[in-house]
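Q: here is a sequence together with a model predicted from it:
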Amino acid sequence: ITKQHLVVSLSVFSWALASPVTDAIKELKSALPKNATITDHIPDPFFSRFGSKHNIIPAAMVFPANADQVVTALTICHKHEVPVAVRSGEGHSYIGQSNVNDGIVLSLQRLRDFSVDDEGDYIAKLGGGLDLLEAYTLMALHKPPLGFAGGFSPSTGIGGYFSGGGHGMMGPKYGIGADRLVAADVV
């Protein structure tokens, strides 16, 4: 192989790598601030049937720090027609909704706000990236202690729990989580 052939081969290879998902990743890296981490090191979801062992491998994972960054990431992915999966916890979807092959996983794990409106009904506001154990703990530490009928697994993300209806063992007595949802900021 001559030097000229090597240069031509490398340029053809780099052209072949250009795709909507690589273009989207480049734009995400330039559009989002440094506090919105973008990585190609993506942990398999909790329910590994939909993970790398079965060739479901995302191109990148984005960890937005606020709702505006979620909007930016979704807008860029839509523009480039790149598939997106949202993961609010560790990826508990039993039908594979928390992972996507050759697309972008949008992790809500950095959206961990917690506050309680102490006036009247003690309404808690939970960030979509909190997991159930964190939510239970924060609510139990509140004065007075609070609680809610949550799900089965402590590592399930709040966003996934409520968007899936909010099923859990306390459902027969208290109803599903979505029954108690007062409001949601949906992006």
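A: Yes, it's here.

Q: list the buried residues in stretch 80-96.
A: Within stretch 80-96, the residues that count as buried by 16 or more other C-beta atoms under 10 Å are 80, 82, 84-93, 96. Heads up, the C-betas are built off the backbone N, CA and C, glycines and all.

Q: I meant stretch 96-112, not that one.
A: Under the neighbour-count rule (16+ other C-beta under 10 Å), stretch 96-112 has 96-100, 103-112 buried.

Q: ok, back up a step: just put the buried residues of stretch 80-96 in a markdown table and tack on secondary structure and pLDDT.
A: As requested, the buried residues of stretch 80-96 are arranged in a markdown table below (DSSP: H, G, I helix; E, B strand; the rest coil; pLDDT from 0 to 100):
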| residue | secondary structure | pLDDT |
| --- | --- | --- |
| 80 | coil | 96 |
| 82 | coil | 96 |
| 84 | strand | 95 |
| 85 | strand | 92 |
| 86 | strand | 92 |
| 87 | strand | 89 |
| 88 | coil | 87 |
| 89 | coil | 77 |
| 90 | coil | 77 |
| 91 | coil | 76 |
| 92 | coil | 73 |
| 93 | coil | 73 |
| 96 | coil | 74 |
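
Q: after the helix or strand of the chain with the lowest mean pLDDT, which helix or strand is next?
A: Ranked by mean pLDDT, DSSP states H and E, the weakest helix or strand in the chain is helix 3-17, scoring a mean of 43. For helix 3-17, the following helix or strand on the C-terminal side (DSSP states H and E) is helix 20-31.

Q: for that next one, buried residues please.
A: Of all the residues in helix 20-31, those buried under the rule 16+ other C-beta under 10 Å are 20, 21, 24, 25, 27, 28.

Q: now tabulate those in CSV and tack on pLDDT.
A: Below are the buried residues of helix 20-31 laid out as CSV (pLDDT from 0 to 100):
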residue, pLDDT
20, 90
21, 91
24, 93
25, 91
27, 92
28, 92
